[in-house]
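Student: return atomic coordinates for the entry below.
(chains A and B)
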Amino acid sequence: MKAPDFQYHRPTTVDEAIKLLTDAGDDGKVIAGGQSLVPLMNMRLAEPETLIDLTGVEELRSSRKTPTGARYGATTTHMMFEHELVPDVTRGLLPHAAAGIGYPAIRNRGTVGGSLAHSDSAAEWPTVMSALDAAVHARSARGTRTIPVRELLLGFFTTVLEADELITEVEVPSLTPTARWGMHKMCRKPGEFADSMAVARGEGNAHGSWQEVELWLGAATDRPLRLSGTEAAVHGKSSADLAPVRLVEPLAADIGQDLSAIDSTGRHALQLHAVTVHRALRAAERDDTA
Amino acid sequence: MAGRGYFVADIQLPGLREVAFVRSQVAHGRIRGISVPQTDREAVWTAARLGPFAEPLTATSTLEGFRAAALPNLAEDKVRYVGEPVALAIAGTRAEAEDVAARVGVDLEPLPAVVDFAAALAPDAPKVHDDWPDNIFATTAGEVGEVDAAAREADVTVTREYTLHRQAVVPLETRGVIAHYNRSTGELVVWSSTQTPHMIRDMIALQLGMEARSVRVIATDMGGGFGAKCSVYPEEITLAAIATQVDHPVRWVEDRSEAQVASTQARDHRHRITAYAAADGTLLGVEADILVNSGAYSVHPWTATMDATMASAMIPGPYRLHNYRFRTRSLASNKTPSGPYRGVARPAAAFSIERTIDELAHELGMEPYEVRIKNMVRSEEMPYVSAANKVYDSGDYPEAVRRATALIEHDAWRKRQRALPASARRRIGIGYGSFTEQTAHGCLEWAARGLAVTIGTEGARLAMDATGSFTLSVGIKTHGQGSETTLAQVVSEVFDVDLDHVTVSHGDTAMTPRGDGTFASRTMVMAGGATHGAALALAEKVKRIGAVLLDEPVDNTVLRDHAVVGKKDSVTYARLAKEFLFTPDHVPGVEAGLEVTHYYRPEVQTGAFTYATQVAVVEVDLDTGAVKLLDYAAVEDCGTVVNPRIVDGQIIGGIAQGIGNALLEEIVHDADGQPKSTSFLDYLLPGATEVPHIKIEHMATPSPHTAFGVKGAGEGGAIPPPAAIANAVRDALREYGTQVNETPMTPERVWTALQLSATTAEASNQATREATR
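Tutor: Reported below is the predicted structural model:
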């Protein structure tokens, strides 16, 4: 499978990129790492007429700390997070998540902005950035705006971004020094997309039970899901008090699944989500992934 | 790894144009019409345009009642699987060819698809081939001994149904073909990534109506084959035919998503096995009902019954089984045609008998390895004629099991298994898989299986040139096995020369003597046998030349260290060859020519039987159903080991593929016959993280039937892993009585089976409690 013909541009400034994107209209597409877009183009599932390659725009690859967190240029690669070539304000969650993405060759090219704009809920960044309540800064010829990641992602391959709009930065708020987090990715073999992915975050757990916990689940529906019902079931308990099986019912409710009508494939998928959430909680309690 | 491989995709030819195929997107449909835009007419070929230049190939069988159907080069009236070639487009680049292909309109009337075993056998099933009464290529059956008497005598009987789902073969280099008709010489040259260049040449000539002298097939470097590249494919015939009609060479390189539907696939077996045993574990009888879903067409030369007949022949395994009854049915379906894949049916046969041996052991409260040792053919019984009339030639089967228990440290693992607390959310299991494998069989064996081409000979030509170095030309085609090394070792053994003075030429039909190719674990035995014959004959002549030059009797000469050495003096091969070839008059009394061609045909045609026992130790996650390999060992006997590193490589590679078969790989189809695993996103392959360190021990009992006593070693590694791993998972979950009867053992299958058995066990415990209250 080879991609159909397309126009290729490699601008060096954001202004130039925005102008090209505006001119290209609906048939333009931004490319950075290309780790999802290129296969889609080769399979002719995506046939953009114009590609605007952002890897020549230096300002999109710069990152800095801010008083409240950090801002990462949109084309910061997974590898740069993994090896902490950019500041980490999440007590290790960002490097941990990045290290689980695909294989080294993918991490060397794939970018954080690209992953968020691609919006695949089985990928790491949508769920992790949702859990961290990160926001993207987007620019178009009409100006700039800030969009919380929780509002950015609408579904598979669908975001609130307009066709002429470009993510320029991802802003991540700092975790407090007492914050705990746990992440678990369930997949058949290392490097694959997740069958399930959970992030648990909360504040210090002095009595061994969760008083304040936020649970996020990826790969279950078309976008990362906040598990409020499951959070309630976890409240006041620790993972040791909870077998994964006890999370199945609240999880099904959070995902919107009818347990009485589920087939064996769906039931196993739900089981994996319950185990994944449980393992994320356990990791957060141990605080050993930080 | 030097990165110097030269593959079909790397070849550069002046004027070369690229081909993209239009393939069926539906599993079953009637073609109402194919539309090609006026401007693309020159670039596009359909069945109607191709028809006058190439006949479709019918892979028939001599088995009674076999139903034949031609494998179309391009589909004409019906399409019968997703991926079947319907048309092709030619352009300057592959991308442009795909543009043209996308403009070809295929008007199809969709038909209901025949997908699984039950659907194929249903009385009202749609017919894959309209003129057949049903969807069965052929049925075979047989009985040895008295199974019913064994059943009456038995203390235990177990019946199980096992399913090995469909797999893709996945050589990392996909297939590829270039065809070029040289108008000045009248020669049609076809480059193909094929395991069988001579066979491809014959069939291209026959299907194109040409004399084979005008057809040359070249297989360059290959990135694996594993059986996916040893059938004759429509793409090879089609490109060859088109090349004769256009004024430029054409190339097609299969891409990965094509390979997942258009290259032959494998497994798709369902066996129902009933075994009868005495209370002491003696196996009394076995019944096997074998179904193989062979896909839409029978492929040349293997035919659609290859897997089923091999399965029925190998279910008796390495055991002393006197009462055996079988029936096989090879089914046609709307799936990709099945072809050979490393192990051919034996992974399924081993799964059936080995899982069943474990079930008997569990029923009898014995260690499964003890039941194996008890029933295996013993070394003093060799040669042993099996229930399926196979002649097991040599070896000590029970000893392989004993050594495997030691190599894996069976007792230590049993201790670790028992030490796990009941509250742990994981379990450990140990499982064994034994097999015996017919390698390098001769003509009679293939004839017995109904093949129209009864493969069984192999040629080698060995030449010494004027500098005293050697060129060995062979008809096999090494595609990653290292036969350049192992065959050169044979020459080295006879002539006492270093390997770097021997070139092994293979893959080009114009430069090699006729041979059948590399498959069926046959190369070392067959091409090794041919090489040995050629080397002995040439050595005899070289010694005679040496004797003349040294002026000593031939009997006084030996071949040592690149020279003919006499009692008084010696002459190097370099000087000898120069004397003989530049100045033959210096060597009176020796006939001209310094090369020998030898054809090998084994005197005993029943093959050399490699055997092994493999052991897997697994950890099963009770919460997810995930299976992880903790340890793995193999004790094998492939006769005389020619090159230990190459044999170990074959074993490790085979086990890796067997792990894929056991745990990961499956071509899933939906109810409409649409394959859902056409990329590596959905079709998982074993990688470095899934293959544990593998402990290997060799036994090396020579075969009495082959040169040097070698046996084939190419496939064995891949045969028992599904059985060993399934037995280990079954062992891990014994407290729940979980049945593990399907591959791949995905987390979903294992967890679902565990839930089912746990519920059943709970209900039965409840009933027991109530009954005893």
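Student: and the residue of the stretch 101-250 of chain A found nearest chain B, how many neighbours?
Tutor: Nearest residue of the stretch 101-250 of chain A to chain B (C-beta to the nearest C-beta) works out as residue A:190 at 5.0 Å. From N, CA and C alone the C-beta is placed, and that goes for glycine too. Residues near residue A:190, counting by other C-beta atoms under 10 Å in any protein chain shown, number 13.
Student: equivalent analysis for residue B:632, please.
Tutor: Per other C-beta under 10 Å, the neighbour tally for residue B:632 reads 26.
Student: give me every residue that touches it.
Tutor: B:408, B:614, B:615, B:616, B:617, B:655, B:692, B:693, B:694, B:695 (C-beta atoms under 8 Å, 6 or more residues apart in numbering or on different chains).
Student: only whichever of those are buried, select them in ChimeraX.
Tutor: Buried members of the contacts of residue B:632, defined by 16 or more other C-beta atoms under 10 Å in any protein chain shown, are picked up in ChimeraX with:
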select /B:408,614,615,616,617,655,692,694
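Student: among the contacts of residue B:632, which are located in helices?
Tutor: Residues of these located in helices (DSSP state H): B:408, B:655.
Student: and the contacts of residue B:632, which is closest to chain A?
Tutor: The shortest gap between chain A and any of those belongs to residue B:692, at 13.4 Å (C-beta to the nearest C-beta).
Student: how about that closest one: what's its closest non-neighbour residue?
Tutor: Ranked by C-beta to C-beta, 6 or more residues apart in numbering or on different chains and with sequence neighbours excluded, the top spatial neighbour of residue B:692 is residue B:629, at 4.7 Å.
Student: cool, residue A:225 as well?
Tutor: residue A:217 (4.7 Å).
Student: next, count neighbours for that neighbour.
Tutor: Neighbours of residue A:217 under the rule other C-beta under 10 Å: 27.
Student: can you give me the helices in chain A?
Tutor: Using DSSP H, helices in chain A cover A:14-24, A:37-42, A:78-82, A:93-99, A:104-109, A:112-118, A:124-131, A:149-152, A:228-234, A:248-255, A:264-286.
Student: for residue A:103, see how far away residue A:116 is.
Tutor: Look at residue A:116 and residue A:103: by C-beta to C-beta, to the nearest Å, they are 20 Å apart.
Student: with residue B:660 instead?
Tutor: Taking C-beta to C-beta, one finds residue B:660 at 18 Å from residue A:103.
Student: of these two, who's got more company?
Tutor: residue B:660 (26 against 11).
Student: pull the number of nearby residues for residue B:771.
Tutor: Neighbours of residue B:771 under the rule other C-beta under 10 Å: 7.
Student: picking up where we left off before, find the residue closest to the residue of the stretch 101-250 of chain A closest to chain B in space, skipping its chain neighbours.
Tutor: residue B:689 (5.0 Å).
Student: got a list of what that neighbour touches?
Tutor: Residue B:689 makes contact with A:189, A:190, A:191, according to C-beta under 8 Å, 6+ apart.
Student: tell me the secondary structure for it?
Tutor: Secondary structure, DSSP: H, G, I helix; E, B strand; the rest coil: residue B:689 is coil.
Student: in JSON lines, list the helices of chain A along with distance to residue A:199 and mean neighbour count.
Tutor: As requested, those are arranged in JSON lines below (distance: least, C-beta to C-beta, whole Å; neighbours: other C-beta atoms under 10 Å in any protein chain shown):
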{"stretch": "helix A:14-24", "distance to residue A:199": "31", "mean neighbour count": "18"}
{"stretch": "helix A:37-42", "distance to residue A:199": "26", "mean neighbour count": "18"}
{"stretch": "helix A:78-82", "distance to residue A:199": "15", "mean neighbour count": "23"}
{"stretch": "helix A:93-99", "distance to residue A:199": "8", "mean neighbour count": "23"}
{"stretch": "helix A:104-109", "distance to residue A:199": "19", "mean neighbour count": "16"}
{"stretch": "helix A:112-118", "distance to residue A:199": "15", "mean neighbour count": "26"}
{"stretch": "helix A:124-131", "distance to residue A:199": "4", "mean neighbour count": "28"}
{"stretch": "helix A:149-152", "distance to residue A:199": "12", "mean neighbour count": "20"}
{"stretch": "helix A:228-234", "distance to residue A:199": "12", "mean neighbour count": "19"}
{"stretch": "helix A:248-255", "distance to residue A:199": "14", "mean neighbour count": "20"}
{"stretch": "helix A:264-286", "distance to residue A:199": "6", "mean neighbour count": "22"}
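Student: got a markdown table for the ones you listed, with mean pLDDT and distance to chain B too?
Tutor: Converted to a markdown table, the helices of chain A look like this (pLDDT from 0 to 100; distance: least, C-beta to the nearest C-beta, whole Å):
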| stretch | mean pLDDT | distance to chain B |
| --- | --- | --- |
| helix A:14-24 | 97 | 20 |
| helix A:37-42 | 95 | 8 |
| helix A:78-82 | 98 | 18 |
| helix A:93-99 | 98 | 14 |
| helix A:104-109 | 97 | 13 |
| helix A:112-118 | 98 | 14 |
| helix A:124-131 | 98 | 16 |
| helix A:149-152 | 98 | 24 |
| helix A:228-234 | 96 | 16 |
| helix A:248-255 | 97 | 11 |
| helix A:264-286 | 96 | 4 |
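Student: of these, which is nearest residue B:524?
Tutor: Among those, helix A:104-109 comes nearest to residue B:524, with 36.6 Å by C-beta to C-beta.
Student: next helix or strand past the lengthiest helix in chain B?
Tutor: Secondary structure of chain B per DSSP H: the longest helix is helix B:523-550. Next helix or strand after helix B:523-550 toward the C-terminus (DSSP states H and E): strand B:558-559.
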